[in-house]
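[1] dropping the sequence and predicted coords here.
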Amino acid sequence: MIWRISTRTWILLACQQYGASAQTTWPASTDEFEDIMFLTQGYRARHFADAVTPCSSGHGPGRITAAEWLRTAFHDMATGSVFTGIGGLDASLVYETQSGENIGTAFVSSLTTYAPFFSSRTSMADLIALGVYAGVRACGGPAVPVRGGRVDATASGPQGVPLPQNGIGTFKNQFTRFGYNNTEMIQFVACGHTIGGVHSVNFPDVVPANQAGPDGLNSTDTTPTIFDNKIATEYIQGTTKDPLVIGPSVQAKINSDFQVFNSDGNVTMKALQSADTFASVCKNMFQKMIEIVPSGVTLTPVIKPYEVKPYDLQLTLLDGGSQLQFTGDIRIRTTQRLVSSIAQVQLVYKDRTGATVSTPISTTHSGDANGFDDTFTFFEFSTKISTDTSISSFDVVITSAGGGTETLNNNGASFRIDDTVVFQAPQSCLGASSNLTVIAAIRNGTTSPSLRVVVQNPRASPIIVPSLSTASVAMASQTAIGAYQLYSASYAFTGSQASSALFGVFAGSSSDNYKNASTLPSACKPLSSSPPTSTPSSTAFTFQGCYYDAGVPRALSGAGSVSDTMTVEQCASFCGTTYRYFGLEYGRECYCGNALDASSTTMGLSDCNMPCAGNSKETCGAASRLSYYKSNKYSPPGVAQVSGYGYLGCYSEGTAGRALSDTNTASDSMTAENCAAFCSGSTYFGLEYGRECYCGSTINAGSANQTATDCNMVCAGNSSEYCGAGNRLNVYRKNIVTSSTTPTPTPTPSALSSSVASSSSALISSSQSVNSASTVIVFSTSTTVATSTVAPSSSFSTIHSSISSSSSSAFSTASSDSVAVIPTDSSPTSTLTPTLAHSSTTSSDIPTTLVSSSSITAASSSTTSSSTATGPSLPGYTYQGCITDTVTSRTLPAKSTQNNANTWTSCASFCDGYMYFGVEYGSECYCGDRLANATSSPSSFAPESECNMACSGDSTAQCGAANRLNVFKSLTVTQAPANPVVVGYNYTGCHTDAVGARILLQNYSFDSNMTVEKCGAFCNGAKYFGTEYGGECYCGDEFANPTTLVDETECSFMCSGNKLEYCGGANRVSLWEKIEN
């Protein structure tokens, strides 16, 4: 059989999804699986279902991932036998992707998507089963119940997957082998074929290439991305488009769907005409499929979401050994228990002896998440507990807004805490050479512990999924602190093992397990025998209190730094005088900002209880808690006063070029005074991006006064002055010295051309052309009017040409002279006045419209065809042709989007700043500064007839096709982005990076006006700095996590502050390394 799947909108109640069986008791072997299954979006989300959300998602046009996930599960299960107990859903498909029964790319793509979720806690077979739940649910189908506990095969299994060429007798025998009777066989095939379809590349006898859709796909019903019963209703009504029922498959006798559906005279298919019946039947059929497992495998109960579930519960022995810090998150299911009804969540706990402690542990809201059918709210906590009494368990008490309480006690077992083995995260580390050091505190009287490390080992192609191996290392005794003995152990990772490794510390029946190596600091911090003290005193800063930090958004969002030697003084120095406030968090993190985010509220002082990594006598916040300070040295920046110049305001750049286009410079010591000196006698100067200076005799077309707060970047050479921002300039105008003027004679036409050429502004509407006899008038500061008649055939391009070609003049104008075009058929008393487009000051009393001369060029390009003779036409672009493209190797890889209202214009706007844009498959838009896979070879170009899909937003225009791009090249983008020269640094290439495993962790900054130079200056001499995602900057003297050099096309995001520079990509960093003497 050929399986593909999709969606329908059955919304089922939670009780229908999970039944009425008892709640799982925490902890359970399926806890990781439960997270992956139910946390699809939001706080702590695992994002497993992203690949199938929405249902139309796929690895390229014509591919539907949800259908591929269903097909993957079927092919993995279909070789099993309920009679022999061999095979079933056991992930043997990992070893069978080259089998003739498993043709196509669906299996490799699915397993590759699952691989990052594979670990010692979740088998690949369980993930394949989970793919059925996620794929069906994302397409609007029923929630298929899923159990855990599957065991992965270690080798390929037998053959026996049903194929289209099989006869009905063979089909019946095969389905009987894996436990389905004849009715269930029909039901299963119908359910499996309600989304997706058949690809011609895999089954050309079923779907000839000349009859196929995108990627050779012909769907099995009219709604291939909706899980509904159209597969059944269209079959019975005789309107089916299923290629396994009609078409070439009939003559070839491989119309397998018809053979199956008709095997009982269509009785079963008629019963599936009911949508509710179809949903219920499919839910049962798919559950039965994923529960066929090898003999000896015992599945868990159906996985349901916990009503309450703890996360990252962690005890940490503090300096001095007299206290334990207890931190974690509590997840509350709010599907039926509305979050708005929750007033308070507390932990009522018992000490080591089992006695209830009278003071409960308070929590604060930390985030929200959701799955397909459930919502969850998280509450975090951090508190200190005496090592003498400690903690043994807790219950969760929810207080409602009405004052009532609800106690959740883990099915009567409470949530158990073991203080025998305590992993010490601050004292543990992962060095630059991937050397793991683990420190643990073991309570006196306990057996010596061991470190257990589980790593993933890549396997040779074509096996995608890594193998797991476990190593155990004896831990050596260190010092004793209080009632605990410290132990240490080391382990050396190879390759990229550290990024996915899990480890734990074990001693007797106790353990502290499932720790992630990639989250550890790069340097270990010693544990002091003396307890930490409070905040330091200083005239440079004042302590404001302990505040909540949500993380997203940050309480202080200006800049940040992470250091294993962090102190309050170091953070104050890092934030300097540029920021009004600074704060410290989690012992080693420093944040700066000029305002506290509205989500940040004051907390109890005891909540900020973690010692600073660089000085254990000081306190540096805690988990989601910020030790908040006000800088007494803060000096707010302002607009500089420059002698001889008046400040005009914050201006945008021009529409066709720079606002000030005469000369420019850039410097890391830029100030307003330096820029004025550089521009010398220019009428205007402006500062941009903190370090750039521009000069001009006029402000060019399109530049306009903006909100003052838009110019918010301080000068690189003086943080007390503003120097513009991204596409924003602080503009100054030379003070005008009043003097009398004498009218000059009216020039000859030849002199007029020259005078206009010397003027930087022309009085012409940017959309107007001169179609009748017109008069060109020069308005001079001397109030003299010069005129010249222009022939009726003149246009802006003609005027501009004549203006530009003149090289001599007997008549000159001041820098504020301007040009207008006025139709000559206007009567002497006409009130016609040119439209004001530029507010240049002139002493003339004649109303004027000032438009920079560059706008003449723009007007010319807007009224002249810019396309080739054989392709589409779009003003401002030249058409390049219909170019081939592939999903795995994009022609324009820099940026892309999908838009159901896609047009050439909308795509051009999305790709603004890039040299090329291309439209594909009707609704897709791609950008780039080079044609990555297109060459002068004819093989790169396709016939225009192959770019034949209508744009989703304009049915009269063509927007490529499957694997075909209509490509346009910009006429205004003449310089492609590049990696600039940075003094003292070498560019080392595009490197991989990850949110949970950053390669540079020393300092970072997020800036909507980021440039490479700005990042380099921020990192202030660090060995490495890198830009990422267009606006992120990271610094470090060593790599905190492994990284790999990748192709430059993967670092194709333009810097948010300079579109002529590259600033990394998504999980890709443009990396620079310091040149050592």
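    On my side now, so go ahead.

[2] show me this structure divided up by domain.
    According to automatic domain parsing, the chain comprises the domains 14-290, 308-416, 421-519, 541-631, 648-653+673-734, 749-860, 865-970, 985-1074.

[3] out of those domains, the one nearest residue 300 is which?
    In terms of C-beta to C-beta, the element of these nearest to residue 300 is domain 14-290, at 4.5 Å. Backbone N, C-alpha and C define where each C-beta goes, glycine included.

[4] contacts only, for the nearest residue to residue 507 once chain neighbours are set aside.
    Nearest residue to residue 507, sequence neighbours excluded (C-beta to C-beta, 6 or more residues apart in numbering): residue 449, at 3.8 Å. Applying C-beta atoms under 8 Å, 6 or more residues apart in numbering to residue 449 gives the contacts 421, 440, 442, 475, 487, 505, 506, 507.

[5] from residue 715, how far out is residue 578?
    11 Å (C-beta to C-beta, to the nearest Å).

[6] and these two? which has more neighbours close in?
    residue 715 (26 against 17; other C-beta atoms under 10 Å).

[7] what sits against that one?
    Residue 715 makes contact with 640, 670, 671, 672, 687, 690, 691, 721, 722, 723 under the criterion C-beta under 8 Å, 6+ apart.

[8] in three-state terms, label residue 262 for me.
    helix (DSSP: H, G, I helix; E, B strand; the rest coil).

[9] circling back to that earlier point, for the residue nearest to residue 507, give its distance to residue 516.
    From residue 449 to residue 516 the distance is 19 Å (C-beta to C-beta).

[10] swap in residue 672?
    Residue 672 is 49 Å from residue 516, where distance means C-beta to C-beta.

[11] these two - which one has more neighbours?
    For the pair residue 672 and residue 516, the greater number of neighbours falls to residue 672 (25 against 15), based on other C-beta under 10 Å.

[12] which residues touch the more buried one?
    Counting by C-beta under 8 Å, 6+ apart, residue 672 has contacts 639, 640, 642, 687, 715, 718, 721, 723, 730, 732.

[13] redo that, cut-off 6 Å
    Contacts for residue 672 were tallied using C-beta atoms under 6 Å, 6 or more residues apart in numbering; they are 640, 642, 721.

[14] tell me the one of the residues you listed nearest residue 603?
    Using C-beta to C-beta, residue 721 is the member of the contacts of residue 672 that sits closest to residue 603, with 36.8 Å.

[15] helix/strand/coil for that closest one?
    strand.

[16] assess the claim that it and residue 640 are in contact.
    Yes - with contact defined as C-beta atoms under 6 Å, residue 721 and residue 640 form a contacting pair (4.4 Å).

[17] any idea where the helices of the stretch 1-150 of the chain begin and end?
    For the stretch 1-150 of the chain, applying DSSP state H, counting those that start in this stretch gives helices covering 14-18, 31-38, 65-77, 106-114, 124-138.

[18] could you redo the ones you listed as JSON lines and give each row mean pLDDT?
    JSON lines is the format used below for those (pLDDT from 0 to 100):
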{"stretch": "helix 14-18", "mean pLDDT": "39"}
{"stretch": "helix 31-38", "mean pLDDT": "97"}
{"stretch": "helix 65-77", "mean pLDDT": "97"}
{"stretch": "helix 106-114", "mean pLDDT": "94"}
{"stretch": "helix 124-138", "mean pLDDT": "98"}
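
[19] need the ones you listed in TSV with distance to residue 195 and mean neighbour count, can you?
    Formatted as TSV, those follow (distance: least, C-beta to C-beta, whole Å; neighbours: other C-beta atoms under 10 Å):
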stretch	distance to residue 195	mean neighbour count
helix 14-18	20	15
helix 31-38	20	22
helix 65-77	5	29
helix 106-114	13	22
helix 124-138	8	28
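
[20] how about the ones you listed, which one is nearest residue 917?
    The closest of these to residue 917 is helix 65-77. By C-beta to C-beta, the value is 26.4 Å.

[21] in stretch 167-185, which residues are buried?
    Buried residues in stretch 167-185, counted by 16 or more other C-beta atoms under 10 Å: 171, 172, 174, 175, 176, 177, 178, 179, 180, 182, 184, 185.

[22] all helices for the stretch 151-300 of the chain, in order.
    168-177, 182-192, 230-237, 248-251, 256-261, 267-271, 275-290.

[23] now tabulate those helices in TSV and tack on distance to residue 547 and mean pLDDT.
    Output for those, formatted as TSV (distance: least, C-beta to C-beta, whole Å; pLDDT from 0 to 100):
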stretch	distance to residue 547	mean pLDDT
helix 168-177	63	95
helix 182-192	53	97
helix 230-237	55	97
helix 248-251	67	92
helix 256-261	63	96
helix 267-271	62	97
helix 275-290	47	98
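
[24] export those to TSV and tack on distance to residue 300?
    Formatted as TSV, those follow (distance: least, C-beta to C-beta, whole Å):
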stretch	distance to residue 300
helix 168-177	25
helix 182-192	24
helix 230-237	32
helix 248-251	41
helix 256-261	33
helix 267-271	32
helix 275-290	13
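
[25] for residue 1069, find the nearest of these.
    Of all the helices of the stretch 151-300 of the chain, it is helix 275-290 that lies closest to residue 1069, at 39.7 Å by C-beta to C-beta.

[26] next helix or strand past that closest one?
    Later in the chain than helix 275-290, the nearest helix or strand by DSSP states H and E is strand 308-317.

[27] start and end of stretch 295-305, how far apart?
    Start-to-end span of stretch 295-305 (C-alpha to C-alpha, to the nearest Å) is 28 Å.

[28] now it, how far from the chain's geometric center?
    Between the centre of stretch 295-305 and the centre of its chain there are 35 Å (C-alpha atoms, centre = their mean, to the nearest Å).

[29] with stretch 1065-1077 instead?
    The gap between where stretch 1065-1077 is centred and where its chain is centred comes out at 20 Å by C-alpha atoms, centre = their mean.

[30] list the buried residues for it?
    Using 16+ other C-beta under 10 Å as the test for burial, stretch 1065-1077 gives 1065, 1068, 1069, 1070, 1071, 1072, 1074.

[31] of all the residues you listed, which comes closest to residue 1027?
    Among the buried residues of stretch 1065-1077, residue 1070 lies closest to residue 1027 (C-beta to C-beta), at 5.0 Å.

[32] any idea how far residue 932 is from the closest one?
    With the distance defined as C-beta to C-beta, residue 1070 ends up 17 Å from residue 932.

[33] residue 959 now?
    Distance, residue 959 to residue 932, by C-beta to C-beta: 20 Å.

[34] give me the more crowded residue out of these two.
    Of the pair residue 959 and residue 932, residue 959 is the one with more neighbours under other C-beta under 10 Å, namely 29 against 18.

[35] pretty sure residue 53 contacts residue 140?
    No - judged on C-beta under 6 Å, residue 53 makes no contact with residue 140 at a distance of 11.3 Å.

[36] give me the low-pLDDT residue ranges for the protein?
    For the chain, the stretches with pLDDT under 70 are 1-21, 531-535, 537, 736-870, 887-889, 933-939, 974-975, 995-996, 1077.

[37] re earlier: quick one: which of the contacts of residue 672 is nearest to residue 616?
    Looking across those and measuring by C-beta to C-beta, the closest to residue 616 is residue 721, at 39.9 Å.

[38] what's the neighbour count on the closest one?
    If you count neighbours by other C-beta under 10 Å, residue 721 ends up with 22.

[39] what's the answer for residue 652, then?
    The tally of other residues near residue 652 (other C-beta under 10 Å) stands at 15.

[40] hey, what's it bridged with?
    Here residue 652 sits in beta bridges with residue 728, going by DSSP bridges.

[41] list the contacts of it.
    703, 704, 706.

[42] check residue 690 too.
    Residue 690 sits next to 713, 716, 723 when contact means C-beta under 6 Å, 6+ apart.

[43] enumerate every residue touching the closest residue in space to it that isn't next to it in sequence.
    Distances taken as C-beta to C-beta, 6+ apart place residue 713 nearest to residue 690, at 4.2 Å, with adjacent residues excluded. Residue 713 is in contact with 690, 723, 724, 725, 1009, counting by C-beta under 6 Å, 6+ apart.
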